[in-house]
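Engineer: Sequence and predicted model, in that order:
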Amino acid sequence: MPYVTTKDGVSIFYKDWGEKDAPVLYFHHGWPLSSDDWDAQMLYFLEKGFRVVAHDRRGHGRSEQVSYGHDMDHYADDVKAVVDHLDLADVIHIGHSTGGGEVVHYIARHGQDRVKKAVIVGAVPPLMVQTPDNPNGVPKSVFDDFREQVLTNRADFYYAIPEGPFYGFNRPGAEMKKGVIQNWWRQGMMGSAKAHYDGVVAFSQTDFTDDLKQITVPTLVMHGSDDQVVPFDISGKLSAELLSNSTLKVYPGYSHGMLTINADVINPDLLEFITAK
């Protein structure tokens, strides 16, 4: 399997599908999943003639389960390691949830020279946790409970999330998809409890406000109005306002997991933005 070694010695698994001279799309997954969560998009865009790249974040999926570096600076540096290793240019970076934060921080930290566009989907920026300066954020106690569940009850917790709020399967009349739930659980349990435990702090307490202000490439912000995991009003709405060159697209009634269960709608919308001049 393909791996790249980061400057701090971590083996990062990546996928690189398609012709090497094709336009490049780079997909960034959410917590606590892996690049497999992008299957519906990677296969779709591969068939459209794109080169599709994705990696498993350190401690997630098939990447090395180290005990250190589970923060946004290291996440962004790991992306750079893959980009440099593959010598990618004119890349369109697409991130979901925590992966959206990773995209924003990577671009702000390492510059836009190799970046053509960006897409953030149900993404955690600008700041998830409630603070005196962010009074509408999610109370820290919610994320503390996430960490406690990872520490003491991870296997059951990783069923409860996809069975409930992630895909909106807890809503009246929702059709629960067992395979989707099991695939979420599979991806989560592949990863390191240590990485996931630390990752809760990374995605909830990192303030991306200054990162967003630095980005000038065209950026699409996609968000479901019924996102119960990353509420739209404190994330997608504010991110679109902070970005200088953004397009906001809100999907009425869609969940945090709309990339999977609503791929028939989301993929063509992504394609339209990606191919727009």
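Structural biologist: That came in fine, so what should we check first?

Engineer: On the three-state scheme, the most centrally placed residue in the chain is what?
Structural biologist: The centre of the chain sits closest to residue 99, judged by CA atoms, centre = their mean, with a distance of 2.2 Å. Put simply, residue 99 is helix when judged by DSSP: H, G, I helix; E, B strand; the rest coil.

Engineer: So what sits opposite the nearest residue to residue 20 once chain neighbours are set aside in the bridge?
Structural biologist: Nearest in space to residue 20, with sequence neighbours left out and distances taken as CB to CB, 6 or more residues apart in numbering, is residue 51 at 6.7 Å. In short, each C-beta sits where N, CA and C put it, glycine included. Each beta-bridge partner of residue 51 is listed here, defined by DSSP bridges: residue 24.

Engineer: Let me see the contact set for residue 51.
Structural biologist: 16, 17, 18, 19, 20, 21, 22, 23, 24, 25 (CB atoms under 8 Å, 6 or more residues apart in numbering).

Engineer: Just give me the neighbour total for residue 35.
Structural biologist: Residue crowding around residue 35 was assessed by other CB atoms under 10 Å; the count is 25.

Engineer: and residue 103, that one's in a helix?
Structural biologist: Yes. Assessed with three-state DSSP, residue 103 lies in a helix.

Engineer: can I assume it is in contact with residue 120?
Structural biologist: Yes. In this structure residue 103 lies within contact range of residue 120 using CB atoms under 8 Å: 6.0 Å.

Engineer: State the helix or strand in which residue 21 lies.
Structural biologist: Assessed by DSSP states H and E, residue 21 sits outside every helix and strand.

Engineer: Also the one 5 residues further on?
Structural biologist: Using DSSP H and E, residue 26 maps to strand 24-28.

Engineer: can you list contacts of that strand?
Structural biologist: By CB under 8 Å, 6+ apart, strand 24-28 touches 35, 38, 41-42, 45, 50-54, 79, 82-83, 88-96, 99-100, 102-103, 274.

Engineer: Residue 250 sits in which helix or strand?
Structural biologist: strand 246-251.

Engineer: and the very next helix or strand once past that strand, how far out from the chain's middle?
Structural biologist: For strand 246-251, the succeeding helix or strand toward the C-terminus, using DSSP H and E, is helix 258-261. Centroid separation between helix 258-261 and its chain, computed with CA atoms, centre = their mean, to the nearest Å, is 13 Å.

Engineer: per-residue confidence averaged over helix 258-261?
Structural biologist: Taken as a whole, helix 258-261 has a mean pLDDT of 98.

Engineer: What angle do strand 24-28 and the following helix or strand past it make with each other?
Structural biologist: Sequence-wise, the next helix or strand downstream of helix 258-261 (DSSP H and E) is helix 263-275. With axes from the mean of the first three to the mean of the last three CA atoms, to 10 degrees defining the directions, helix 263-275 sits at 130 degrees from strand 24-28.

Engineer: ok, residues contacting helix 263-275?
Structural biologist: By CB under 8 Å, 6+ apart, the surrounding residues in contact with helix 263-275 are 23, 25, 40-41, 44-45, 48, 50, 92, 94, 117, 119, 121, 218, 220, 222, 247, 249, 251, 258-259.

Engineer: then it to CSV, C-alphas only?
Structural biologist: C-alpha atoms of helix 263-275 as CSV (Å, rounded to 0.1, in the frame of the first residue of the first chain):
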residue,chain,number,x,y,z
ALA,A,263,-24.4,11.8,-3.0
ASP,A,264,-26.7,11.9,-6.0
VAL,A,265,-27.4,15.6,-5.3
ILE,A,266,-24.0,16.6,-3.7
ASN,A,267,-21.7,15.1,-6.4
PRO,A,268,-23.2,17.0,-9.4
ASP,A,269,-23.1,20.3,-7.3
LEU,A,270,-19.5,19.6,-6.5
LEU,A,271,-18.8,19.0,-10.2
GLU,A,272,-20.4,22.2,-11.2
PHE,A,273,-18.2,24.2,-8.8
ILE,A,274,-15.1,22.3,-9.7
THR,A,275,-15.5,22.8,-13.5
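
Engineer: Neighbours of residue 139, how many?
Structural biologist: Counted with other CB under 10 Å, the neighbours of residue 139 add up to 10.
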